[in-house]
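Undergrad: fold the following for me, if possible:
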Amino acid sequence: MFIVWGKKIVRRKLGHVADFCPICRTTTDFTLVRVGSAGHVYYISAGEGELVGHERGCNTCGTTLRANPSTYTGVGKARTPLPELIAKTHAGIQDTLGERLALEARIAGDLHSLSTEERGALIREPFMVMSAKVEERFSTTHIDKEMTLAIVAALALLIVGPASLHGLMPNEEGALFLTFAGLGLALVIWQGIQSGQRFMHKAVLPQLARALHPLRPTEAELEGMRSALRVHGHKLGRRLRTADLLAHLARCKPAAMPAGLAATGSRPA
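TA: Numbering: from 1, shown residues only. Here you go, the predicted model:
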């Protein structure tokens, strides 16, 4: 009997905390998650496993970042208005994030006050955040909804196609099978290629545009960043097309300021 066993990543939600999101460019609500590595049998694990680390997922833009629980003074069990969440979970936010919040205020008030170094670092930051997401996505085979439908369609072609033409070509069963198998394989490969672009347009480019929009980057700055990522071996540098990012930036609208945010000294995207 063949038994499937091994290790799997187990995530357990701990609650809500307030922190700064580099994509939203503001203080917002995060879900704090414990990440463990647990043994499994047939992908069913017992317990939460050995601690690997912690993550915080932004409940505004969906970006996942590493987290250090010691940063927070508490964890909220339910979502509450942001001022209350800050008071309960990150009361010293002005001490830990004061400089960053002041920098964001400068971006909102006078973008030209940024030095060349500050501007370069601010443009680089969201690329590095999203690069980690792209590396994870393209490190393994991913089957999305469209890819699943393509596989189903390929199997249907393989079954229905030869059968439907058997009466017209009774002596060509082998050729018919190979023809429809080739068509199905081509469909699956095409959808596999398209899957990467769908991911970029749904999960990466909107987030990059959201973070970069307040900085009003030039095409030359974006192309320079893309080239640098590519030179240093980041998959984002190969997958990203500057023209696509510019198109998303053109459609980007500033996000509304969450209620009570002014009290934190941060700003909207």
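Undergrad: helix or strand with the lowest mean pLDDT in this structure?
TA: Ranked by mean pLDDT, DSSP states H and E, the weakest helix or strand in the chain is strand 44-45, scoring a mean of 65.
Undergrad: where's the nearest residue to P126 once chain neighbours are set aside relative to C21, distance?
TA: Using CB to CB, 6 or more residues apart in numbering and skipping the chain neighbours, the partner closest in space to P126 is A211 (3.6 Å). Using the backbone N, CA and C atoms, a C-beta is placed for each residue, glycine as well. Counting by CB to CB, to the nearest Å, the gap from A211 to C21 is 9 Å.
Undergrad: quick revisit: who's in contact with the residue nearest to P126?
TA: By CB atoms under 8 Å, 6 or more residues apart in numbering, the contact list for A211 reads 22-25, 125-126, 129, 269.
Undergrad: may I ask which of these has the most neighbours?
TA: Most neighbours among the contacts of A211, by other CB atoms under 10 Å: R25, with 29 neighbours.
Undergrad: on that earlier part again, go through the contacts of A211 and flag which are in helices.
TA: Cross-referencing the contacts of A211 against helices under DSSP state H gives 125-126, 129.
Undergrad: kindly reformat the residues you listed as CSV containing distance to V10.
TA: Shown next, in CSV, are those (distance: CB to CB, whole Å):
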residue, distance to V10
E125, 30
P126, 29
V129, 24
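Undergrad: put the alpha carbons of the strand or helix carrying the residue nearest to P126 into PDB.
TA: Counting by DSSP states H and E, the element that carries A211 is helix 205-212. C-alpha atoms of helix 205-212 as PDB (Å, rounded to 0.1, in the frame of the first residue of the first chain):
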ATOM      1  CA  LEU A 205       0.600  45.000 -11.700                       C
ATOM      2  CA  PRO A 206      -2.400  46.400  -9.800                       C
ATOM      3  CA  GLN A 207      -0.500  46.300  -6.500                       C
ATOM      4  CA  LEU A 208       2.600  47.900  -8.100                       C
ATOM      5  CA  ALA A 209       0.500  50.600  -9.600                       C
ATOM      6  CA  ARG A 210      -1.200  51.300  -6.300                       C
ATOM      7  CA  ALA A 211       2.100  51.700  -4.500                       C
ATOM      8  CA  LEU A 212       3.800  53.700  -7.300                       C
END
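Undergrad: CA atoms only for the helix or strand hosting P162, dumped as PDB, please.
TA: Assigned by DSSP H and E, P162 belongs to helix 145-165. Extracted in PDB, the C-alpha atoms of helix 145-165 (Å, rounded to 0.1, in the frame of the first residue of the first chain):
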ATOM      1  CA  LYS A 145      -9.300  28.100 -13.300                       C
ATOM      2  CA  GLU A 146      -8.600  28.700 -17.000                       C
ATOM      3  CA  MET A 147      -5.800  26.100 -17.000                       C
ATOM      4  CA  THR A 148      -8.200  23.600 -15.400                       C
ATOM      5  CA  LEU A 149     -10.800  24.200 -18.100                       C
ATOM      6  CA  ALA A 150      -8.100  23.800 -20.700                       C
ATOM      7  CA  ILE A 151      -7.200  20.400 -19.300                       C
ATOM      8  CA  VAL A 152     -10.800  19.300 -19.200                       C
ATOM      9  CA  ALA A 153     -11.300  20.600 -22.800                       C
ATOM     10  CA  ALA A 154      -8.100  18.700 -24.000                       C
ATOM     11  CA  LEU A 155      -9.500  15.400 -22.500                       C
ATOM     12  CA  ALA A 156     -12.800  16.000 -24.100                       C
ATOM     13  CA  LEU A 157     -11.100  16.600 -27.500                       C
ATOM     14  CA  LEU A 158      -9.200  13.300 -27.000                       C
ATOM     15  CA  ILE A 159     -12.400  11.400 -26.300                       C
ATOM     16  CA  VAL A 160     -15.000  13.000 -28.500                       C
ATOM     17  CA  GLY A 161     -12.800  14.100 -31.500                       C
ATOM     18  CA  PRO A 162     -11.700  10.700 -32.700                       C
ATOM     19  CA  ALA A 163     -15.100   9.100 -32.000                       C
ATOM     20  CA  SER A 164     -17.000  11.700 -33.900                       C
ATOM     21  CA  LEU A 165     -14.800  11.300 -37.000                       C
END
